[in-house]
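K.L.:
Quick check, what structure comes out for this input:
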Amino acid sequence: WSSDVCSSDLTAGAVPWMQALTPETDVVTAVARAKGTSASGVKIYANLAPGTVASITREAHRQGMPVWSHGMVFPARPLEVARSGVDVMSHVCGLAWEAMARAPDEYHHDQEPLFGAFTADSQVFRELFSEMRGRGTILDATLALYARADSIRREDPSRGGERCDTDFARAQIGRAHV
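P.N.:
Sure thing, here's the model as predicted:
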């Protein structure tokens, strides 16, 4: 590590390898800045409209970079993310938001879909996986992350990470392979 890379005066979201995009951001330049760091791809996290996810994806592909994305980007829903053309969608539990009539406009750690309100076999998920298969989109399920958080929570209910219905997640993974 060089001292300039680890400098404490760098701000997350304002450095080439971790950029916060706004409606005023020039996507061509933002992707070029990321590529200039020798990044092997672009990762989309949260708080982006569907059109912005699609714009980033198109530009990254134009510049020869693959795109990973969270399944739910807030407010962009999983089906919108899949339709944007991303190469990989991460976190199977985030796909549950596709079945919710309402979803938050912004990402917050303490929000979760109402897992009991739908099943993994719901029509919305059949449509989502059909879209992903048609585009060749990879599901990076990260099931181990959720199973570990469940285990930690069983030991100490005040701890653990993101909540997920792991039975739902396992069923979704099975559905993705159909």
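K.L.:
Beta-bridge partners for the one residue sitting closest to the centre of the chain, please?
P.N.:
In the chain, the C-alpha nearest the mean C-alpha coordinate belongs to H70, at 0.4 Å (C-alpha atoms, centre = their mean). For H70, the beta-bridge partners are S90 (DSSP bridges).
K.L.:
Tell me where the chain is predicted with low confidence.
P.N.:
1-9, 160-162 (pLDDT under 70).
K.L.:
50 instead, please
P.N.:
1-6 (pLDDT under 50).
K.L.:
Which parts of it are strands?
P.N.:
14-15, 18-19, 42-44, 67-70, 88-90, 138-140 (DSSP state E).
K.L.:
Could you look over those strands and pick the most buried one?
P.N.:
Compared across the strands of the chain, strand 67-70 shows the largest average neighbour count, a mean of 24 (mean count of other C-beta atoms under 10 Å). For the C-beta atoms, the positions are set from N, CA and C on the backbone; glycine is no exception.
K.L.:
What helices and strands are in contact with it?
P.N.:
strand 42-44, helix 50-62, strand 88-90 (3 or more C-beta pairs under 8 Å, 6 or more residues apart in numbering; DSSP states H and E).
K.L.:
returning to that earlier point: could you dump the strands of the chain to a markdown table with distance to A34?
P.N.:
Conversion of the strands of the chain to a markdown table gives the following (distance: least, C-beta to C-beta, whole Å):
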| stretch | distance to A34 |
| --- | --- |
| strand 14-15 | 10 |
| strand 18-19 | 7 |
| strand 42-44 | 6 |
| strand 67-70 | 11 |
| strand 88-90 | 16 |
| strand 138-140 | 19 |
